[in-house]
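1. Build me a structure from this.
(chains A and B)
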Number of protein chains: 2
Amino acid sequence: MPIPDRTTIEAAHERIKPYIHHTPVMTSAGVDEAAGCHIFFKCENFQKIGAFKARGAMNAVLSLSDAERAKGVGTHSSGNHAQALARAAKIMGTKSYIVMPRTAPEVKKRGVRGFDGEIFECEPTLAARESTLAEVVKKTGAAEIHPFNNYEVIAGQATAAKELFEEVNDIDVIIAPVGGGGLLSGTALATKYFSPKTTVIAAEPEGADDAFRSMQSGKIEPSQSNSIADGLLTSLGDKTFPIIRENVKEVITVSDAEIVSAMRLVWERMKIVVEPSCVVPLAAVLKSKAKFAGKRVGIILSGGNVDLERALKLMTE
Amino acid sequence: MPIPDRTTIEAAHERIKPYIHHTPVMTSAGVDEAAGCHIFFKCENFQKIGAFKARGAMNAVLSLSDAERAKGVGTHSSGNHAQALARAAKIMGTKSYIVMPRTAPEVKKRGVRGFDGEIFECEPTLAARESTLAEVVKKTGAAEIHPFNNYEVIAGQATAAKELFEEVNDIDVIIAPVGGGGLLSGTALATKYFSPKTTVIAAEPEGADDAFRSMQSGKIEPSQSNSIADGLLTSLGDKTFPIIRENVKEVITVSDAEIVSAMRLVWERMKIVVEPSCVVPLAAVLKSKAKFAGKRVGIILSGGNVDLERALKLMTE
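-> Numbers count the residues shown, from 1 in each chain, chains lettered A, B, ... in the order given. Predicted structure coming up:
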C-alpha cells in the first residue's frame, strides 16, 4: 500500500464513521484571549476510548480480510492505541493481544481489559515491547497493528483533521502533537488534500524532541523519552517520517512546565479533561505568540485519558 | 410580576440568546452502562462563566429599566451567580456590587473581579450576607438581584431545560440539583410548559436536605449547610418553594461520598470538568437505579467552576 491519497482517506472516513464519534469543535474566549489568536479545538478527548486513536485502529481492523481478522490483532502501545485496538477487535468479534509497558497508567490498563483485550506486560523500552509482541504474534498468528507506522492507521488518524476542515473554514495553521507521528502525518495528509492553504506545524515535548532533531538531520533520530507527555515519547517511523518531512513546516518544542500550564488553562477555562500529551500544541502556541498572532489556528486535542491522581500531582507541584 | 408563564419564559429565552451559549447535550455509553438508563446531559458547565447562572442573571439585568440599571446591580452569592451578575452588568455597561462569603473559592472571586465586579466579603452566614447587601444597596441605590428568589432569574434558568426539550424528545424524567431552588423551579416550569409528560425530580446533598424536609413539612425549612456541594447549601425562597412544591415529584438525597463517586465517573468517562454541586443529580440516579431503569433521563449539569486542587483532592482521597 502506498502513502494514503485523498481517496484512501475519504474511504477510511466512510468505513469508520459508524464506529466513531464525530467530535465537537470547541472555542474559548478565555483561551483565545490568553493566546492572542482564534483557536478551534477538535475535541478528540471526547472520541470513543477518549482519544483520536479510535480512528486509526478502527480503520486498520476494518481493512483486514476476514481470514486475517479471525486470528486476532496484536500491538504494543503505551496506552490509547491499546484501548483503541481492543475496542475495534471487540466490535468486530475478534481477539486482541496488547503488549504494554508495566509502567502504563492503570486507567489505560483497565480500559484494555474493559474491551476484553489480553495484556502482556513488558519493560518500558522499545526493544522489550517489540520482542514481546513478536513472540505473541508468532504464537497466535495475530495481525500486528502498529500504533503509528501503518498506512491504514495513518489514514484513520487523518479523518480528525478532515472533519475539522469540513466544519471550520480558512484555518491558517493546524497543529498536532508528535510522538511516533501517526496523528501528525495523518493531519499533514488531510491538510494537503482538504485544506492545502493551511500550514502544518508539529508540537513536541523538549524532553522527547526526536522529531525536531529528525527534521534538522534529515534522518530518524531516537527519542530520549523524558517528559510528562507520556503519549509522545516514541520515535518516528519509516512510514510517518517521510510524510512529516515533506508536509510539516516546523516542530515547536515545549517544556514540561509549559505543558502543565496549558493543561491547567484548558481544565479551568474550557472545563474539559485533557491529558498532558494533548495540550502540547496549545503550549506551543502560548510559547510562540508572535507566530500565531491574530490567526485562525486549528488544534487537535488528542485525548483525555489521564489518571486523576497524576493530574493532581502535576498541577499542584 | 406573577409566576413566569410560558410566554414569559419564551421571551426571556429570546432576550438572553445573544449573550449566552446554546450548550451541547452530551451522552456517554460508559455512564449509561453504570447507571442502567439513557442520560442526556445538558452541559451548562460549558455555559458562559461556567454555569447556568449566566442565564438568570442576564435575564434579570436585561429586564431592568434603563434608569434602574444605571445605578448598578447588587447581590449576595457563594459563587456562580456572583460571576454571572458581574458579567451581565459589564455587558450592559453598569456596575455590580457582589457580597461574597470570605470562604468562597478563590477561582470564583477571580471570576467576579475579571468582570470588574466590586466584592464585599462577609461571614459565611445568610444573616451576614443579607445585612451586608442591605448596606451596599442603601449606599449605592443598586437593584438587588437575588440569586434565586426572583422571577426574572427563575425564568432565565428555565431556558436550560427548554433547550434540552427542544433538542431531545421523549424525556421521561428530568433531574435538577436544588439549593435555593432557582434552577429547579425554572426546570419545573419549563417542563410544565414544554414537556408536560416529563416527571421532575430534585437531587440534594444529605447534609443540606432542607428541600427534602420542606417537601415533607409543607413549609420552608432552614438548611444545615454541611456538604461538599457548596452551590447547594442555601434554603428555598418564598418564590421558589411554591413552584417546587406544585411541580416536583420528589427530592432524592445523596451523601458526599456518593457525590464524589459520581464526580469521578463524569471526569473519567465524559472527560469534562464539573463541580460537586453539579453531579448531585447523577449521584441520585446511581443511588436509585431501579427508579430510573431503562428510562430516558435529562440531567442539567449545572456548572464546572471548581478549584482543581480541591476537586482532585476530593476524588483521590
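
2. in what helix or strand does the residue nearest the centre of chain A lie?
-> In chain A, the centroid-proximal residue (Cα atoms, centre = their mean) is A:L183; its distance is 4.6 Å. Using DSSP states H and E, A:L183 maps to helix A:182-194.

3. mean confidence for that helix?
-> Helix A:182-194 shows a mean pLDDT of 98.

4. what do you get for stretch A:151-163?
-> 98.

5. on that earlier part again, now find how far off-centre the helix or strand that the helix holding A:L183 is followed by is within its chain.
-> Using DSSP H and E, the helix or strand that directly follows helix A:182-194 along the chain is strand A:199-205. Distance, stretch centre to chain centre, for strand A:199-205: 12 Å (Cα atoms, centre = their mean, to the nearest Å).

6. what's in contact with strand A:199-205?
-> Strand A:199-205 has contacts (Cβ atoms under 8 Å, 6 or more residues apart in numbering or on different chains) with A:172-178, A:184, A:187-188, A:191, A:210-212, A:227-229, A:232, A:244, A:247-256, A:259, A:280-281, A:283-284. Where C-beta positions appear, they are placed from N, C-alpha and C, glycine not excepted.

7. Could you pick out which of those residues are located in helices?
-> Applying DSSP state H to the contacts of strand A:199-205, the entries found in helices are A:184, A:187-188, A:191, A:210-212, A:244, A:247, A:256, A:259, A:280-281, A:283-284.

8. Chain B next: which of those residues are close?
-> Residues of the ones in helices among the contacts of strand A:199-205 in contact with chain B (Cβ under 8 Å from any Cβ of the partner chain): none.

9. Out of those residues, flag the one nearest to chain B.
-> A:I259 (15.2 Å; Cβ to the nearest Cβ).

10. Go ahead and confirm the closest one touches A:L282.
-> No - assessed by Cβ atoms under 8 Å, A:I259 is found out of contact with A:L282, at 9.0 Å.

11. Now do stretch A:14-25: distance to the chain's middle.
-> Its chain's C-alpha centre and that of stretch A:14-25 lie 16 Å apart, by Cα atoms, centre = their mean.

12. Repeat that for stretch A:278-288.
-> That offset, for stretch A:278-288, works out to 15 Å (Cα atoms, centre = their mean).

13. Do me a favour and average the pLDDT over that stretch.
-> Stretch A:278-288 comes out with an average pLDDT of 97.

14. Which positions within that stretch qualify as buried?
-> A:C278, A:V279, A:V280, A:P281, A:L282, A:A283, A:A284, A:V285, A:L286, A:K287 (16 or more other Cβ atoms under 10 Å in any protein chain shown).

15. Output those as a markdown table; include the columns distance to B:D116.
-> Below are these laid out as a markdown table (distance: Cβ to Cβ, whole Å):
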| residue | distance to B:D116 |
| --- | --- |
| A:C278 | 33 |
| A:V279 | 29 |
| A:V280 | 34 |
| A:P281 | 32 |
| A:L282 | 27 |
| A:A283 | 30 |
| A:A284 | 32 |
| A:V285 | 27 |
| A:L286 | 25 |
| A:K287 | 30 |
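
16. farthest-separated two in those?
-> A:C278 and A:K287 (16.1 Å; Cβ to Cβ).

17. Considering the ones in helices among the contacts of strand A:199-205, which possesses the most neighbours?
-> In terms of neighbours by other Cβ atoms under 10 Å in any protein chain shown, the ones in helices among the contacts of strand A:199-205 top out with A:T187 at 35 neighbours.

18. So which residues on the stretch 1-150 of chain A come close to chain B?
-> So the stretch 1-150 of chain A meets chain B at A:P24, A:M26, A:N45, A:F46, A:G50, A:V107 (Cβ under 8 Å from any Cβ).

19. Chain neighbours aside, what residue packs nearest to A:R269?
-> Distances taken as Cβ to Cβ, 6 or more residues apart in numbering or on different chains place A:G30 nearest to A:R269, at 3.9 Å, with adjacent residues excluded.

20. got the buried residues for the helix or strand hosting that neighbour?
-> Remark: A:G30 resides in helix A:29-35, with elements defined by DSSP H and E. By neighbour count with 16+ other Cβ under 10 Å, helix A:29-35 contains the buried residues A:V31, A:A34, A:A35.

21. How about stretch A:216-227?
-> A:I220, A:E221, A:S223, A:S225, A:S227.

22. ditto for stretch A:63-82
-> Buried-residue list, stretch A:63-82, by 16+ other Cβ under 10 Å: A:63-64, A:69, A:72-82.

23. Just the terminal-to-terminal distance for it.
-> Start-to-end span of stretch A:63-82 (Cα to Cα, to the nearest Å) is 18 Å.

24. Please apply the same query to stretch A:201-220.
-> Termini of stretch A:201-220 sit 18 Å apart (Cα to Cα).

25. How about stretch A:140-151?
-> Stretch A:140-151: ends 23 Å apart by Cα to Cα.

26. Likewise for stretch A:142-150?
-> Its start and end residues considered, stretch A:142-150 measures 16 Å (Cα to Cα).

27. Contacts for it, please.
-> With Cβ under 8 Å, 6+ apart as the test, stretch A:142-150 has contacts from A:53, A:56-57, A:60-61, A:64, A:68-69, A:71-77, A:81, A:85, A:95-97, A:133, A:136-137, A:152-154, A:179-183, A:185, A:234, A:237-240.

28. swap the cut-off to 6 Å and go again
-> For stretch A:142-150, the surrounding residues in contact (Cβ atoms under 6 Å, 6 or more residues apart in numbering or on different chains) are A:60, A:64, A:68, A:71-75, A:77, A:81, A:85, A:97, A:137, A:180-182, A:237, A:239-240.

29. how about the strands in the stretch 1-150 of chain A?
-> Assigned by DSSP state E, counting those that start in this stretch, the stretch 1-150 of chain A shows strands spanning A:25-26, A:38-43, A:73-76, A:96-101, A:118-122, A:143-144.

30. Quickly find the element holding A:V297.
-> A:V297 is part of strand A:296-301 when elements are defined by DSSP H and E.

31. Give the rounded mean pLDDT of that strand.
-> 97.

32. Give me the angle between it and strand A:38-43.
-> On the basis of axes from the mean of the first three to the mean of the last three Cα atoms, to 10 degrees, strand A:296-301 is oriented at 20 degrees to strand A:38-43.

33. what packs against strand A:296-301?
-> Judged by 3 or more Cβ pairs under 6 Å, 6 or more residues apart in numbering or on different chains; DSSP states H and E, the packing partners of strand A:296-301 are strand A:38-43, strand A:173-177.

34. Can you classify A:T234 by secondary structure?
-> Following DSSP: H, G, I helix; E, B strand; the rest coil, A:T234 is assigned to coil.

35. Hmm, I typed the wrong one, I wanted A:I220.
-> Per three-state DSSP, A:I220 ends up coil.

36. can I assume it is in contact with A:S214?
-> Yes - between A:I220 and A:S214 there is a contact under Cβ atoms under 6 Å: 5.3 Å.
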